[in-house]
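J.: below are the sequence and a predicted model for it; my questions follow.
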Amino acid sequence: MSKGSGSVFLSGRLQSARSVALAVLIQSVESGEGVDLLLDRALDHSSLDKRDRALMMELTYGVLRRQGTIDWRLTPVLDKPMRRLPVMVQMLLRMATYQLLFLDRIPPSAAVNESVRLAKAATKTLGRDWSGFVNAVLRSLIREPVPPWPSVDDDPTAALAVRYSVPEWLSRRWIDRLGIRAAEASCEQAGTIPPVTIRVNRLRTTRDEFLGRLIEAGVNAISTIVSPWGIVLKDCGAIRSLPGFEEGMFYVEDEGAQMIPLVLDPRPGEAVLDACAAPGGKATHLAEIMSDNGLIYAVDRHKARVDLLKANCRRLGINSVMPVVGDARRQCEWSVTEDDRGDARLPATFDRILVDAPCSGLGVLRRHPESKWRKQDSSFERHQLLQLEILRSAAVSLRPGGTLVYSTCSTEPDENEIVIEKFLSTHGGFRRESAAPWLPAIARDHFLTPGGAYSTEGNLYSMDVFFAARLRKRLA
């Protein structure tokens with residue numbers, strides 16, 4: 001855990017499930033890093049037992065998933081706006097409120113007393129003692145009657161934002177695009193706890209064989225319905241401790257994402273470009289489909305993320321992926337990473353290209369609840385410009401007759417259909433193809449847009465939201 005105002009709660013006698021959760025919540029604001037990375041780092045430096053680790057995870061993710069609702073409940077008992085409080089006090093109040101409102105197994109007295117104790121411990125860091133303030137706010141919250149939910153009839157934007165804990169700009173956007181009923185379903189889905197889903201590495205085993213191994217080890221596991229390679233895990237504990245992890249038997253990946261490499265349909269021996277590849281989920285899946293025969297140039301701007309991709313390839317036993325450090329928009333600056341086939345040359349053109357573009361990530365909010373509170377409605381125009389830049393660069397590198405798949409984990413047309421329409425309007429050498437022939441039957445029946453793209457928006461299979469459109473470059 002990097003130094004900051006949260007570090008006081010990761011030392012010595014103060015280390016508890018609540019103190020570590022508080023430290024991670026503070027760091028999620030101060031550092032801007034993903035909460036999953038912060039949790040891994042905190043757990044590596046903590047001495048919590050299994051029960052306390054579970055509580056720490058519950059508190060961290062629970063606060064971030066419910067932050068909008070929590071702030072709505074706290075507002076009437078605060079004498080100043082939440083944003084004017086120190087971040088540490090904000091998160092301490094939110095964490096205590098989450099326990100009071102959503103965790104029946106924790107006595108209210110314990111939630112309040114532990115929060116007051118943590119506030120007292122932070123006196124030196126905060127420059128004053130906030131424990132009395134925290135105690136007064138929480139006691140008032142307990143005493144005050146529960147207010148009625150905002151009315152959908154009177155103010156649907158606020159009603160969905162408060163009930164499902166999403167920013168108002170997002171509930172308004174979804175209401176405008178989808179209507180109230182569908183928008184409510186999307187808001188609800190964004191706050192659910194996602195399943196842990198893995199993709200079996202078919203270079204090492206089959207799904208049936210690995211499923212049997214998991215069940216024999218006492219892991220509660222079932223096959224996915226849509227993906228022919230997926231397994232859903234329930235109460236599985238730490239991923240690294242699962243059977244087969246070190247042997248590279250599987251990769252953690254949402255069921256919806258597992259369909260995207262199918263739409264590209266790579267063949268053994270081909271040269272494939274994964275233009276935005278790290279941490280390697282789709283690149284390694286492409287390699288499996290190709291029987292690890294061919295070359296997949298996996299590009300990412302950041303060396304640290306390329307190193308993560310390389311580690312995933314090593315664990316999965318994949319040799320056909322060539323990690324490349326570079327910006328997908330500027331291929332002239334690409335370089336094969338040191339220690340990876342340093343004499344290899346990048347091809348002039350590729351047979352197939354996957355552009356899994358950077359996007360808002362609104363389709364995976366339930367996995368990254370902290371991102372709800374970092375995003376803004378104004379970001380879509382910026383994302384779209386970047387997505388089009390990457391697509392245009394990729395178009396030049398695709399051989400005539402080759403296939404390009406553009407994908408995102410966004411729910412929004414601004415980053416999906418509108419990007420494809422704008423690209424095709426200026427690239428007459430490309431035509432659109434339906435994704436249907438390359439999808440399993442159940443996906444063809446439920447996840448095709450009118451334009452033939454793959455989209456899991458509104459799905460009933462507990463999948464994240466993904467979009468993929470297939471394009472073909474005309475023969476010269």
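T.: Ah, there it is.

J.: could you give the mean pLDDT of stretch 156-173?
T.: Stretch 156-173 carries an average pLDDT of 97.

J.: between the two ends of that stretch, how far is it?
T.: For stretch 156-173, the first-to-last residue distance is 11 Å (Cα to Cα, to the nearest Å).

J.: ok, stretch 441-452 next?
T.: Stretch 441-452 has an end-to-end distance of 14 Å (criterion: Cα to Cα).

J.: secondary structure element holding T197?
T.: Per DSSP states H and E, T197 falls inside strand 196-200.

J.: oops, could you answer that again for S407 instead?
T.: Using DSSP H and E, S407 sits within strand 398-408.

J.: cool, and V324?
T.: strand 321-325.

J.: output the contacting helices and strands for that strand.
T.: Helices and strands touching strand 321-325, by 3 or more Cβ pairs under 8 Å, 6 or more residues apart in numbering; DSSP states H and E, are helix 281-289, strand 295-300, helix 303-316, strand 335-336. Every C-beta, even on glycine, is put in place using the N, C-alpha and C of the backbone.

J.: just checking: what are the partner strands of the second one?
T.: Partner strands for strand 295-300, per DSSP bridges, with pairing direction: strand 271-274 (parallel), strand 321-325 (parallel).

J.: just those strands: most buried one?
T.: Comparing these by mean neighbour count (mean count of other Cβ atoms under 10 Å), strand 271-274 comes out on top with a mean of 27.

J.: how far out from the middle of the chain is it?
T.: The chain centre lies 24 Å from the centre of strand 271-274; the measure is Cα atoms, centre = their mean, to the nearest Å.

J.: try stretch 258-272
T.: Counting by Cα atoms, centre = their mean, stretch 258-272 comes out at 23 Å from the chain centroid.

J.: same question, stretch 88-105
T.: 24 Å.

J.: then stretch 350-368?
T.: Put simply, stretch 350-368 sits 10 Å off its chain's centre (Cα atoms, centre = their mean).

J.: ok, back up a step: could I get the strands paired with strand 295-300 in TSV, plus columns for distance to I26 and mean pLDDT?
T.: Output for those, formatted as TSV (distance: least, Cβ to Cβ, whole Å; pLDDT from 0 to 100):
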stretch	distance to I26	mean pLDDT
strand 271-274	36	97
strand 321-325	32	93
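
J.: now render the ones you listed as CSV, adding distance to R66.
T.: Shown next, in CSV, are these (distance: least, Cβ to Cβ, whole Å):
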stretch, distance to R66
strand 271-274, 36
strand 321-325, 39
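
J.: out of the ones you listed, flag the one nearest A161.
T.: strand 271-274 (36.6 Å; Cβ to Cβ).

J.: which residues does the closest one contact?
T.: Applying Cβ atoms under 8 Å, 6 or more residues apart in numbering, the external contacts of strand 271-274 come out as 264, 266, 282-283, 286, 290, 294-299, 347, 349-354, 356, 394, 397.

J.: and the strand holding V324 with helix 303-316, angle?
T.: 170 degrees (axes from the mean of the first three to the mean of the last three Cα atoms, to 10 degrees).

J.: between strand 321-325 and helix 281-289, how many degrees?
T.: Using the same axes, to 10 degrees: strand 321-325 against helix 281-289 is 150 degrees.

J.: other SSEs contacting the next helix or strand after the strand holding T197?
T.: Note on strand 196-200: by DSSP H and E, the next helix or strand toward the C-terminus is helix 207-216. Judged by 3+ Cβ pairs under 8 Å, 6+ apart, helix 207-216 is in contact with strand 220-223, strand 230-234.

J.: for the protein, what helix or strand is lowest in average pLDDT?
T.: strand 335-336 (a mean of 66; mean pLDDT, DSSP states H and E).

J.: rewinding a little: now the strand holding T197 against helix 281-289, angle please.
T.: For strand 196-200 against helix 281-289, the angle by the same axes, to 10 degrees is 30 degrees.

J.: and the angle from strand 196-200 to helix 207-216?
T.: Going by the same axes, to 10 degrees, strand 196-200 is angled at 130 degrees with respect to helix 207-216.

J.: run through who's touching strand 196-200.
T.: Contacts for strand 196-200 (Cβ under 8 Å, 6+ apart): 206-207, 210, 224, 227, 229-234, 236, 239, 249-255, 258, 281, 285.

J.: from these, list just the buried residues.
T.: Buried subset of these (neighbour count, 16 or more other Cβ atoms under 10 Å): 207, 210, 224, 227, 229-233, 236, 249-251, 253-255, 258, 281, 285.

J.: buried set for the helix ranked longest in the chain?
T.: Ordering each helix of the chain by length in residues (DSSP state H) puts helix 50-74 first. Within helix 50-74, the residues scored as buried using 16+ other Cβ under 10 Å are 52-53, 55-74.

J.: now for that helix, which elements pack on it?
T.: Right, helix 50-74 is packed against helix 17-30, helix 35-44, helix 87-102, helix 131-143, helix 156-164 by 3+ Cβ pairs under 8 Å, 6+ apart.

J.: and of the ones you listed, who's closest to V321?
T.: Closest approach to V321 among these (Cβ to Cβ): helix 35-44, 22.7 Å.

J.: buried residues in the closest one?
T.: 35, 38-39, 41-42.

J.: quick one: low-confidence ranges for the stretch 351-476 of the chain?
T.: The model of the stretch 351-476 of the chain has no residue with pLDDT under 70.

J.: what about dumping the CA coordinates of the strand holding S407 to PDB?
T.: Provided in PDB are the C-alpha atoms of strand 398-408 (Å, rounded to 0.1, in the frame of the first residue of the first chain):
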ATOM      1  CA  LEU A 398      -5.300  -5.300 -42.400                       C
ATOM      2  CA  ARG A 399      -4.700  -7.200 -45.600                       C
ATOM      3  CA  PRO A 400      -7.300  -7.100 -48.400                       C
ATOM      4  CA  GLY A 401      -9.900  -9.700 -47.600                       C
ATOM      5  CA  GLY A 402      -8.900  -9.700 -43.900                       C
ATOM      6  CA  THR A 403     -11.300  -9.500 -40.900                       C
ATOM      7  CA  LEU A 404     -11.400  -6.800 -38.200                       C
ATOM      8  CA  VAL A 405     -13.500  -7.000 -35.000                       C
ATOM      9  CA  TYR A 406     -14.200  -3.900 -33.000                       C
ATOM     10  CA  SER A 407     -15.300  -4.600 -29.400                       C
ATOM     11  CA  THR A 408     -15.900  -2.800 -26.100                       C
END
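
J.: may I have the strands that pair with that strand, each with its orientation?
T.: Counting by DSSP bridges, strand 398-408 is paired with strand 350-356 (parallel), strand 467-473 (antiparallel).

J.: could those strands go into a markdown table alongside mean neighbour count and distance to A304?
T.: Output for the strands paired with strand 398-408, formatted as a markdown table (neighbours: other Cβ atoms under 10 Å; distance: least, Cβ to Cβ, whole Å):
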| stretch | mean neighbour count | distance to A304 |
| --- | --- | --- |
| strand 350-356 | 25 | 18 |
| strand 467-473 | 24 | 27 |
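
J.: among those, which is nearest R202?
T.: Of all these, it is strand 350-356 that lies closest to R202, at 18.6 Å by Cβ to Cβ.

J.: what residues does that closest one touch?
T.: Strand 350-356 is touched from outside by 260-261, 264-267, 270-277, 282, 286, 297, 328, 387, 390-391, 394, 397-399, 402-408, with contacts defined as Cβ under 8 Å, 6+ apart.

J.: all set now, cheers.
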